[in-house]
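Student: Okay, structure incoming, though there's no sequence with it:
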């Protein structure tokens, strides 16, 4: 069952992340998504939880109440996995088309891969930088290094910017490829563990601006970049 609640007291994305984490940690909660803009929490639970139960796990500054539009007897419609991931596929499509156009005359497979990787990093870092405060909290939920070293989560969007520029400007490509294998390899390990544990968490690949579920598509996204990086290193050897 899915219920919608009003949450008062949230003033920033740090608040939103804190509330979301507390709600998701509750045993009977399958997934909780909190919106700062609407001051709402959409909670899917395996068994009905009294309002007092939610309030008990939240800090005193937050107040949770039933939404007037909430009807506990009506199941909220769920989007298919494909519908939820449409923004990700759309961005991949635009990046692919741009990389093709940059290398179509004459065609260069090497140039295509370098431009694709460069555009990938620049575009994805843009979405992460839209909410630099909220991104680290979401990222550390599945990235092992970000969980162990919080500063890494804060610096990750900037690492992507630097790598994007290096690929697009053809600067120290070998170093950029090695760094890509390391950081995406670490993230992929966390993604695989999350998928195997069947946890319902938000993917931070596009920051917190777009709420994307952690799915197999996230694994595929990282795998494509890793395969490209390995291919480029082999070609340059």
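Tutor: Sure, I can see it. These numbers were taken from a predicted model, which means no experiment stands behind them. Numbering: from 1, shown residues only.

Student: any idea which helix or strand carries residue 17?
Tutor: helix 13-24 (DSSP states H and E).

Student: What mean pLDDT does that helix get?
Tutor: What helix 13-24 shows for mean pLDDT is 88.

Student: Just checking: what are the partner strands of the following helix or strand past that helix?
Tutor: Per DSSP H and E, the first helix or strand lying C-terminal to helix 13-24 is strand 29-35. Strand 29-35 has the following strand partners under DSSP bridges: strand 40-45 (antiparallel).

Student: Next, the angle helix 13-24 makes with the partner strand.
Tutor: Per axes from the mean of the first three to the mean of the last three CA atoms, to 10 degrees, the angle that strand 40-45 makes with helix 13-24 is 20 degrees.

Student: Could you point out the helix or strand that follows strand 40-45?
Tutor: Next along from strand 40-45, by DSSP H and E: helix 51-57.

Student: Does that next one pack against any helices or strands, and if so which?
Tutor: Applying 3 or more CB pairs under 8 Å, 6 or more residues apart in numbering; DSSP states H and E, one finds that helix 51-57 contacts helix 13-24, strand 63-66. Every C-beta, even on glycine, is put in place using the N, C-alpha and C of the backbone.

Student: Which parts of the helix holding residue 17 count as buried, going by neighbours?
Tutor: Residues 13, 15, 16, 17, 18, 19, 20, 21, 22, 23, 24 are the ones in helix 13-24 that count as buried (16 or more other CB atoms under 10 Å).

Student: Now do the strands in this structure.
Tutor: Using DSSP state E, the strands of the chain run over residues 2-8, 29-35, 40-45, 63-66, 202-203, 212-213.

Student: ok, and which of those has the densest surroundings?
Tutor: Among the strands of the chain, the stretch with the highest mean neighbour count (mean count of other CB atoms under 10 Å) is strand 202-203, at a mean of 24.

Student: Over that one, what's the mean pLDDT, rounded is fine.
Tutor: Across strand 202-203, pLDDT averages out at 66.

Student: ditto for stretch 40-52
Tutor: For stretch 40-52, the mean per-residue pLDDT is 89.

Student: that older thread, now the buried residues of helix 13-24 as JSON lines including distance to residue 100?
Tutor: Listed next are the buried residues of helix 13-24 as JSON lines, based on distance: CB to CB, whole Å:
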{"residue": "13", "distance to residue 100": "36"}
{"residue": "15", "distance to residue 100": "43"}
{"residue": "16", "distance to residue 100": "38"}
{"residue": "17", "distance to residue 100": "38"}
{"residue": "18", "distance to residue 100": "43"}
{"residue": "19", "distance to residue 100": "43"}
{"residue": "20", "distance to residue 100": "38"}
{"residue": "21", "distance to residue 100": "41"}
{"residue": "22", "distance to residue 100": "45"}
{"residue": "23", "distance to residue 100": "43"}
{"residue": "24", "distance to residue 100": "40"}
